[in-house]
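Colleague: A predicted structure for the sequence below; I have some questions about it.
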Amino acid sequence: MNLRYGKGYTSIVKGGEKGMASEWEELEKLSKDELIIELVKSRRAMRNMCRLLDEISKDGASHYLYDRGEKPSEEWLSKIVSYAESKLDDGDHLDGSDLERYGVDSETADRYCYGEDW
């Protein structure tokens, strides 16, 4: 499933061939937890875009365009990790930047991915 902005959504249609599916059809396949994770990811992206636009309108350049994310509970971190891992390409390994895309703060993401106690 491709949930990136501006991309087409592909799905397997009757007969096994790939076809285009609507965003709604793709999203309805997600669990409630997966939808919440995608929503946080989208909100984070929107905050970053708003900050960037605000700074460009003031300064003409952006000096700060990164949303720091939040420290999730252990339960939510586990859900986010599982979801993020399910979106990786074969052979790829989860790293801190993967978790940060889903709204996890960099400190928590790094501690989780690099084996430090948290």
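Modeller: Good, I have the coordinates.
Colleague: which parts of the helix or strand where residue 110 lies are buried?
Modeller: Using DSSP states H and E, residue 110 sits in helix 106-113. Across helix 106-113, burial judged by 16 or more other Cβ atoms under 10 Å covers 108-113. Backbone N, C-alpha and C define where each C-beta goes, glycine included.
Colleague: Residue 72 against residue 107, yeah?
Modeller: No. If you go by Cβ atoms under 8 Å, residue 72 and residue 107 don't touch, sitting 11.9 Å apart.
Colleague: what's stretch 75-90 in contact with?
Modeller: Outside stretch 75-90, the residues within contact range by Cβ atoms under 8 Å, 6 or more residues apart in numbering are 33-34, 37, 72, 94, 98-99, 101-104, 108, 112.
Colleague: Now do it, average pLDDT.
Modeller: For stretch 75-90, the mean per-residue pLDDT is 93.
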